[in-house]
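Engineer: A structural model of the following input is requested.
(one chain, ligands or ions: 1)
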Amino acid sequence: MSLKQGKFITFEGVEGGGKSTQVKRLCKFLQANGTPVLLTKQPGGTDIGHRIRQILLHVDHAGMNPWCEALLYLADRAQHVSEVIRPALANGQWVICDRYQDSTAVYQGIARAVNADLLDQVFCQATDGLIPDLTFVLDVPTDIGLLRARTRNDAMEMAETEGRFEQEAVAFHEAVRRGFQERCLQEPERMKMIDARQNVDEVARHISQLCMAHFALHV
Ligand code: TYD
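Structural biologist: As a prediction, the model looks like this:
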């Protein structure tokens, strides 16, 4: 008897949009409805990916070449898809991943101006074209998001090691935000833009409703 393939859901968006909270909330919601869920993230969802993450996010690496950066994200993704995501989906689990290829398309393809078609081609080869069934993009104005992210990093004493992107100029983060907004317009079926300025419970309710409607789940 073959198990039914699980669904693949990703969360995306600017810094400080509250993704990690909402990822956990959707996980709890689905589990409460009897769905087996695996929660994971990029970069860093495998041992190899964890090491790649340390290189990518370290503040000492401000001079990283854009293609070096893009290929490291794709390397992390290739390992993560083959080692974790595909086996879980094949096992009937639903996978919720904090960031995925839309981040590469926007941060590297738009904000860093790396050739978007080539990024897409490498992604297709590296993952055998694993595209999410559903993607939530948590949108907040850049100033609010950056303030939240920097406050969080300070509180967690992460700034020393993982703050490379939070240190980018506001214009970079504005380009990222616009990039996500444009992608949502281009792919409205898969990508749902969520106003993440609302309170946590409202955002969580909105996401779970959209998720149920998308997969026609019954609670
Ligand atoms: P993370 O600590 O996961 O931050 P966040 O909570 O904002 O998701 O850091 C991941 C950083 O890497 C984030 O700044 C976005 C960036 N990123 C890319 O530039 N390209 C990618 O493909 C991915 C997955 C992330």
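Engineer: residue ranges with poor pLDDT in the protein?
Structural biologist: Residues of the chain meeting the criterion pLDDT under 70: 1-2, 156-160, 217-219.
Engineer: Run through the residues of it sitting next to the ligand.
Structural biologist: Residues of the chain lying close to the ligand (CB under 6 Å from any ligand atom) are 15, 19-20, 42-43, 57, 73, 99, 103-104, 107-108, 162, 165. Yep, even glycine has a C-beta here, placed from its N, CA and C like the rest.
Engineer: Farthest-apart pair in these, please.
Structural biologist: With distances taken as CB to CB, the most widely separated pair in these is Ser20 and Gln108, at 21.4 Å.
Engineer: before we move on, back to that, separate out the buried members of the residues of the chain next to the ligand.
Structural biologist: Listed as buried from these are 15, 19, 42-43, 57, 73, 99, 103-104, 107-108, 162, 165; burial here means 16 or more other CB atoms under 10 Å.
Engineer: Give me the subset of those residues that lies in helices.
Structural biologist: Of these, the ones assigned to helices by DSSP state H are 19, 57, 73, 103, 162.
Engineer: Looking at those residues, spot the one nearest Arg178.
Structural biologist: When these are ranked by distance to Arg178 (CB to CB), Ser103 comes first, at 14.3 Å.
Engineer: quick one, what contacts that closest one?
Structural biologist: Applying CB atoms under 8 Å, 6 or more residues apart in numbering to Ser103 gives the contacts 12, 42, 73.
Engineer: Kindly report the same for Thr21.
Structural biologist: Thr21 makes contact with Val200, according to CB under 8 Å, 6+ apart.
Engineer: Tally up the residues packed near Val203, please.
Structural biologist: Around Val203 sit 21 other residues, with neighbours defined as other CB atoms under 10 Å.
Engineer: could you pull out the strands for the protein?
Structural biologist: 8-13, 37-41, 94-98, 134-139, 191-195 (DSSP state E).
Engineer: what about stretch 162-172, distance to the chain center?
Structural biologist: Chain-centre distance of stretch 162-172: 17 Å, with CA atoms, centre = their mean, to the nearest Å.
Engineer: switch to numbering from 23
Structural biologist: Sure, I'll start counting at 23 from here, so that last one is stretch 184-194.
Engineer: Mind listing residues that contact that stretch?
Structural biologist: 37, 78-81, 83-84, 86, 129, 133, 164-165, 168, 171-172, 175, 181.
Engineer: Phe158 versus the nearest residue to Tyr95 once chain neighbours are set aside, what's the distance?
Structural biologist: Closest residue to Tyr95 apart from its sequence neighbours, by CB to CB, 6 or more residues apart in numbering: Thr126 at 5.1 Å. Distance of Thr126 to Phe158, given as CB to CB, to the nearest Å: 17 Å.
Engineer: Likewise for Leu111?
Structural biologist: For Leu111, the distance to Phe158 equals 18 Å [CB to CB].
Engineer: what does Leu94 give?
Structural biologist: Note on Leu94: its distance to Phe158, by CB to CB, is 25 Å.
Engineer: and what of Val198?
Structural biologist: Val198 is 16 Å from Phe158, by CB to CB.
Engineer: Between those two, tell me which one has more neighbours.
Structural biologist: The neighbour count for Val198 versus Phe158, taken as other CB under 10 Å, is higher for Phe158 (28 against 24).
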